[in-house]
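**Q** the sequence and its predicted three-dimensional model are supplied below.
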Amino acid sequence: MTFDLRRDLPLLLVSLAACLFAAGPLVWGVLTALKPAAEVVTYPPNLMPSKITFESFRQVWTDSNFPTYFRNSLMVTGVATATSLVVAVHAAYGLARFEFAGKTALMLGLLATSMIPGIAILVPLYNLSVHTGLYNTFTGLVVVYTAWNIPLLVWLLKGFFESVPVELEESAMIDGCSRMRAFYTIVLPMARPGMLAGSIMAMMFVWNDFLIGFTLAVTEDKRLIPYGLYSFISNIGVDWGQLMAATVISLTPVVIAFLVLQKWLVQGLMAGAVKG
């Protein structure tokens, strides 16, 4: 397909404007984090720093508890995402392949739970975590985040499993494979795009959540990154340089994970399209 200036130029301009609109706040935050402290609050503001300095990054990493929050978020996000994906994969496969009484009601119930706002059940979650001994523990956070992600992941993965021809499994079982072996060796690899998309969604939810982490973790050694960002906002003002530096640091794992998973996601989508 060749580039037609008259046909494609408006679309190219709109796409460029959308990219600039989306990247503008991120670029401004990075430049603010690289400015000297005195230059951050100057008016009118300067877009480019007169002198690039990493002092804000150093203060965030050495003079605050942000490294602890960062480590906690990495651990909780990784475990919660992996656990929810393992559970959702098997549940979605069962819903996609088997018919049983109450299946529709079960699926609607799962969908309904994902529509409940977090603040509506925050008090029951708090009471439940206290009575079960999971309050202010990483285990409690992982359990809540896992339970929260499973309904959406089940609905997402169910569609991918339904798109895999059942004849492939039947052929494998005729050749001697058990159903579970056929699932792991045939169906699961073909559903990789859905698994990667679901893992990105689950990871983003856990990494960005403030409400649950703030409520169920109260000591400094259990806090997560969203609280760490909030801690740079105090009654006497906002340290914009350190806040932007902490924001850039918190974005780094998400960007890296997305770039890595995007590569496999595109490959999986192309393979699925050819096989389909």
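**A** Looks like it arrived, so ask away. Numbering: from 1, shown residues only.
**Q** can you tell me the closest non-neighbouring residue to the residue nearest in space to the middle of the chain?
**A** In the chain, the centroid-proximal residue (Cα atoms, centre = their mean) is M204; its distance is 1.5 Å. Closest residue to M204 apart from its sequence neighbours, by Cβ to Cβ, 6 or more residues apart in numbering: V254 at 7.0 Å. C-beta here means a position set from N, CA and C on the backbone, and glycine is covered the same way.
**Q** tell me which helix or strand the one you found sits in.
**A** Per DSSP states H and E: V254 is located in helix 240-275.
**Q** for the closest residue in space to V30 that isn't next to it in sequence, what are its contacts?
**A** Among residues not flanking V30 along the chain, V248 sits closest, at 5.7 Å (Cβ to Cβ, 6+ apart). Contacts for V248 (Cβ atoms under 8 Å, 6 or more residues apart in numbering) come out as G29, V30, A33, F57.
**Q** are any of those residues buried, and which?
**A** G29, A33, F57 (16 or more other Cβ atoms under 10 Å).
**Q** sec struct for C177, please.
**A** coil (DSSP: H, G, I helix; E, B strand; the rest coil).
**Q** the closest residue to it other than its chain neighbours: neighbour count?
**A** Of all residues not flanking C177 in the chain, T185 sits nearest, at 7.2 Å (Cβ to Cβ, 6+ apart). By other Cβ atoms under 10 Å, the residues close to T185 number 12.
**Q** just checking, T185 touches A172?
**A** Yes. Here T185 reaches A172: they are 7.4 Å apart, a contact under Cβ atoms under 8 Å.
**Q** how about the contacts made by the residue nearest to K51 when sequence neighbours are not counted?
**A** Among residues not flanking K51 along the chain, P36 sits closest, at 5.9 Å (Cβ to Cβ, 6+ apart). For P36, the contact set (Cβ under 8 Å, 6+ apart) comprises P49, S50, K51, T53, E55.
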